[in-house]
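> Give me the fold of what follows.
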Amino acid sequence: MLKHIKTSSDRLVNKRRKCDNCGTVGVIEKRITRIYGHGKEALVIENIPVIVCPNFGASYLEAKTLDEIDRNKLYSKSFARQRAIDVAVFAC
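Okay, the predicted model is just below:
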């Protein structure tokens, strides 16, 4: 079982996981919101997990996260909530 420690409302520290770039243990997982597209075609995706290295602060998205973002962009009309622009929440 992976051990996470909550450091704030949007950050978790994984005490066992290593950074994919440098191998430092204890990566931080943040949740972010990103906008894809422009104008009427804009889509906001909330709750996207981003991995942050505790050693040098670099951040990256995992392949499975990028695949889910692509899926959200393709099928957003079927599950996005309508606000001033289309908004989809990234599902874990």
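> What is the neighbour count of the residue lying closest to residue 53 once chain neighbours are set aside?
Distances taken as C-beta to C-beta, 6 or more residues apart in numbering place residue 19 nearest to residue 53, at 4.1 Å, with adjacent residues excluded. (C-beta placed from N, C-alpha, C; glycine too.) For residue 19, the count of nearby residues is 19 (other C-beta atoms under 10 Å).
> And the contacts of the strand or helix carrying residue 31?
If you go by DSSP states H and E, residue 31 is part of strand 28-36. Residues outside strand 28-36 that contact it (C-beta atoms under 8 Å, 6 or more residues apart in numbering): 4, 7, 10-14, 42-54, 59, 69, 73, 85.
> just for the chain, where's the confidence low?
Applying pLDDT under 70 to the chain flags the ranges 1-10, 84-85, 92.
> Kindly recompute the last result at 50.
1-8 (pLDDT under 50).
> Which parts of it are strands?
Taking DSSP state E as the test, the strands found in the chain are 4-8, 11-14, 28-36, 43-52, 59-60, 81-82, 86-89.
> May I see those organised as CSV, with mean neighbour count added?
Formatted as CSV, these follow (neighbours: other C-beta atoms under 10 Å):
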stretch, mean neighbour count
strand 4-8, 11
strand 11-14, 16
strand 28-36, 15
strand 43-52, 17
strand 59-60, 14
strand 81-82, 10
strand 86-89, 18
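> What distance do you get for the residue lying farthest from the centre of the chain to residue 86?
Most distant from the centre of the chain: residue 40, at 23.2 Å, with distances by C-alpha atoms, centre = their mean. As judged by C-beta to C-beta, to the nearest Å, residue 40 and residue 86 stand 9 Å apart.
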